[in-house]
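Q: sequence plus the predicted model coming up.
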2 protein chains.
Amino acid sequence: MKTIDFTIVSGGVAAASGFVANGCKSGIKASGNLDLALLYSETACTAAGAFTTNRVRAACVSANEALLPSNSIHAIICNAGNANACTGARGDRDVVTTRESVGKALNVPADSVLAASTGVIGEFLPIEKIETAVPALAKSLSREGADTFAKSIMTTDTVQKEYAIEVTLSGGTIRLGGCCKGAGMIHPNMATMLCYVTTDAAIDSHDLNRLHKRTVDMTYNNLTIDGDTSTNDMVLILANGTSGVTVSSEEDLGVFKAALFEVYNVLCAKIAEDGEGATKRVEVNVYNGKDFADCKKAAKAVANSNLVKCAMFGNDPNWGRILCACGYSGAEFAPDAIEVILAGVPVYQNGGPAKFDAPELSKKLDSPVVKVDIDLGHKTEIHAVAHTCDFSYDYVKINAEYHT
Amino acid sequence: MKTIDFTIVSGGVAAASGFVANGCKSGIKASGNLDLALLYSETACTAAGAFTTNRVRAACVSANEALLPSNSIHAIICNAGNANACTGARGDRDVVTTRESVGKALNVPADSVLAASTGVIGEFLPIEKIETAVPALAKSLSREGADTFAKSIMTTDTVQKEYAIEVTLSGGTIRLGGCCKGAGMIHPNMATMLCYVTTDAAIDSHDLNRLHKRTVDMTYNNLTIDGDTSTNDMVLILANGTSGVTVSSEEDLGVFKAALFEVYNVLCAKIAEDGEGATKRVEVNVYNGKDFADCKKAAKAVANSNLVKCAMFGNDPNWGRILCACGYSGAEFAPDAIEVILAGVPVYQNGGPAKFDAPELSKKLDSPVVKVDIDLGHKTEIHAVAHTCDFSYDYVKINAEYHT
């Protein structure tokens, strides 16, 4: 991965020029909180998406997938509080109605509008509430509205999650910014992960799609809170080209890809940090696997192990659980060539336990971020990272203490 | 699967004739509890095994796998309190020493002895304690000792787990009995699952191996407490033929297979019932998948979902989580053809939510055993069952509240 210089900027999903956004309270959430978000670019965008692999998928997922990649996207509308999943033909119709209503309010074609939903499964969208709210929401869009946009897609997320950077390409400076939600539930159902990223770079939709899919595979697809793949997950990117900077040379595509990785990776870390019941974020880096797929398998298995995550909650330097998860991950390694480093301290190397001060290491684990480094011993210099959080009583509380 | 008549009998691992067993306190466990178990048949047994697929495996696993299937097994020695995993060459030597010591005490070849370990990973076996304890243990063997055997393989299991049946074949009556441990941790490390089954039927080792592997695939491989595959898991079966009844005709092999399923399935249910932190057992039956592999994928995905298991703990009829897990399981089904029945109540059918009384269903879920029935809609009459338990605060407590 290319190392790039970049500057962190504010503005989230509207940090890039030409994008405006906002959110409102449409009444979908019984709580009366913000629940409808709209993002818009007057200039048509090239756009790409990545979607849940769940066979049971929300109506909006199939609808967006049919439109992407594209050269003519103008807007994203997202509601929180209702997933519009398992809602059959009526769910499909409600997506069309939502898009038509946004298209009309913004004076753009309905099929230039992407739709997303997050919330409870198996209930019909209160479509009239969306139709009523959209015209005023469309009129209220601004760059500052990105903040409210980020709040309006939240369900049980405890903090809004935004990140934006500025990078310089051969033709000038571009911005890349996004916001996401995830790892929360509204009426305990699905931990939907939604992420929207925008850029003012001009990039061909084929290139954008390729780099997007590859970066999602390196970031979002390695993010796990509880191993349950939602029916509504999606990561969308829009590029409107208003910076006047075109990304097409090999060199610029490389910088753009590294910038994408930076934004997606940080947004993933933010989701992990705010994982249900999380008291800390856990970052699992796997080096020197046979190939990227193997590094990823091992990183995901460790990040997804309930036992590893409980040990992290308990500040327990229980390296046996980490090694065990590598063992069943399917990644190839020789048990005497693997090395495990926990919070910077080697705990397993040369085919056996390393000597370490356990109480001292336990203190290091009592930290907001814990890193687990694993070397699979193949000397390939290939690396994958997985983000997760620890597993606490509150995860069980959040997901069990709902009685119908 | 053939339906068979059988009688439940007592005697566990020594219910079948010709088997004797016992256990003792060798000092491996710091608590001073029972920690060494021995099973013996004077008549050499045909034997088969099934082992963990974890790449990181205990020394005893590789050693047993090299010996099986076999026609000449006499004994199984098992210690609790130390997994002898990740212990390199010394671990391998300790398995050889253990076997030699048992072989000497019983006057049988060392390679007619199978070895097993469960407990903490990454520590060396206190081999001298085993060598000291074995001679007296070997002298104390009896049929009644099966009870102490079952107790001596326990770690944090809260109950001993035994089951035995008597079935009639064309040539007479045989017994099939076993005991197992699992879903507990001693120094919180791995939830090792160990199971030993004996029979006095005479059966060719090739047939025994084939039926054993197939039945393990239908039972133990569908058992999940937390999705973490241990380094030490094994299921062993010994057949000594002392009933004088030979299993070789197609008809008898069918009955024997059904009897194996009965014993393995009940032992699996016992492990699920005693899963860490479990307040109830959850049985997931999947019907009418494209094939057995698909039924199994869906059953395991549901049984392994933290979200489903938290809902079970909270008595929450949250069918969206069940459908979602089926969706990411990889099993093929049409979302409008799948049917989900929770505790006997249809909750999803004909492509949409079924009408049900949620508070009433929540009351039904407050039960020691909850059944989840899923019909994938392919009309193949193929079925798979997965056993699990709910997910409670105590799971986190058991696996986190250990501070070095």
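A: Noted; the coordinates are in hand. Bear in mind that the values here come from a model prediction, so they are computed numbers and not experimental data.

Q: check what pLDDT A:S152 gets.
A: With respect to pLDDT, A:S152 scores 96.

Q: now do the contacts for it.
A: By C-beta atoms under 8 Å, 6 or more residues apart in numbering or on different chains, A:S152 lies in contact with A:23-24, A:34-37, A:78, A:80. To be clear about C-beta, it is placed using only N, CA and C from the backbone, and glycine gets the same treatment.

Q: weed out the non-buried ones from those.
A: Among the contacts of A:S152, those buried by neighbour count (16 or more other C-beta atoms under 10 Å in any protein chain shown) are A:23-24, A:34-37, A:78, A:80.

Q: which sections of the stretch 201-350 of chain A are below the confidence cut-off?
A: A:224-229 (pLDDT under 70).

Q: all helices for it, in order.
A: A:205-218, A:250-273, A:292-304, A:306-313, A:319-328 (DSSP state H, counting those that start in this stretch).

Q: got the CA coordinates for the fourth one in PDB?
A: In other words, helix A:306-313. Written as PDB, here are the backbone C-alpha positions of helix A:306-313 (Å, rounded to 0.1, in the frame of the first residue of the first chain):
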ATOM      1  CA  ASN A 306     -16.100 -14.500  21.200                       C
ATOM      2  CA  LEU A 307     -13.400 -16.000  23.400                       C
ATOM      3  CA  VAL A 308     -10.700 -13.600  22.300                       C
ATOM      4  CA  LYS A 309     -13.200 -10.700  22.700                       C
ATOM      5  CA  CYS A 310     -14.200 -11.800  26.200                       C
ATOM      6  CA  ALA A 311     -10.500 -12.000  27.100                       C
ATOM      7  CA  MET A 312     -10.000  -8.500  25.800                       C
ATOM      8  CA  PHE A 313     -12.900  -7.300  28.000                       C
END
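
Q: that helix packs against which elements?
A: Counting contacts by 3 or more C-beta pairs under 8 Å, 6 or more residues apart in numbering or on different chains; DSSP states H and E, helix A:306-313 is packed against strand A:281-287, helix A:319-328, helix B:393-400.

Q: closest point of the stretch 101-250 of chain A to chain B, which residue?
A: In the stretch 101-250 of chain A, the residue that lies nearest chain B is A:I121 (3.4 Å; C-beta to the nearest C-beta).

Q: and the residue lying closest to that residue once chain neighbours are set aside, how many neighbours does it have?
A: Leaving aside its chain neighbours, A:I121 sits nearest to B:G320 (3.4 Å; criterion: C-beta to C-beta, 6 or more residues apart in numbering or on different chains). B:G320 has 28 neighbours, counted by other C-beta atoms under 10 Å in any protein chain shown.

Q: B:G320 against A:V120, yeah?
A: Yes. If you go by C-beta atoms under 8 Å, B:G320 and A:V120 touch, sitting 7.4 Å apart.

Q: want to try a markdown table for the helices of the stretch 201-350 of chain A, with distance to B:H378 as columns?
A: Converted to a markdown table, the helices of the stretch 201-350 of chain A look like this (distance: least, C-beta to C-beta, whole Å):
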| stretch | distance to B:H378 |
| --- | --- |
| helix A:205-218 | 32 |
| helix A:250-273 | 36 |
| helix A:292-304 | 30 |
| helix A:306-313 | 32 |
| helix A:319-328 | 30 |
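
Q: to B:E276, which of those helices lies closest?
A: helix A:306-313 (9.8 Å; C-beta to C-beta).

Q: what angle sits between that closest one and helix A:393-400?
A: Note on geometry: by axes from the mean of the first three to the mean of the last three C-alpha atoms, to 10 degrees, helix A:306-313 and helix A:393-400 are set 130 degrees apart in direction.

Q: and helix A:306-313 with helix B:292-304, angle?
A: Relative orientation of helix A:306-313 versus helix B:292-304 (the same axes, to 10 degrees): 20 degrees.

Q: contact partners of the helix or strand harbouring A:I374?
A: Using DSSP states H and E, A:I374 falls within strand A:369-375. Defining contact as C-beta under 8 Å, 6+ apart, one finds that strand A:369-375 is touched by A:280-288, A:298-299, A:302, A:308, A:312, A:322, A:326, A:338-344, A:364, A:390.

Q: could you turn the buried ones of those residues into a PyMOL selection?
A: Applying 16+ other C-beta under 10 Å to the contacts of strand A:369-375, the buried members can be selected in PyMOL as follows:
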select buried, chain A and resi 280+281+282+283+284+285+286+287+288+298+299+302+308+312+322+326+338+339+340+341+342+343+390
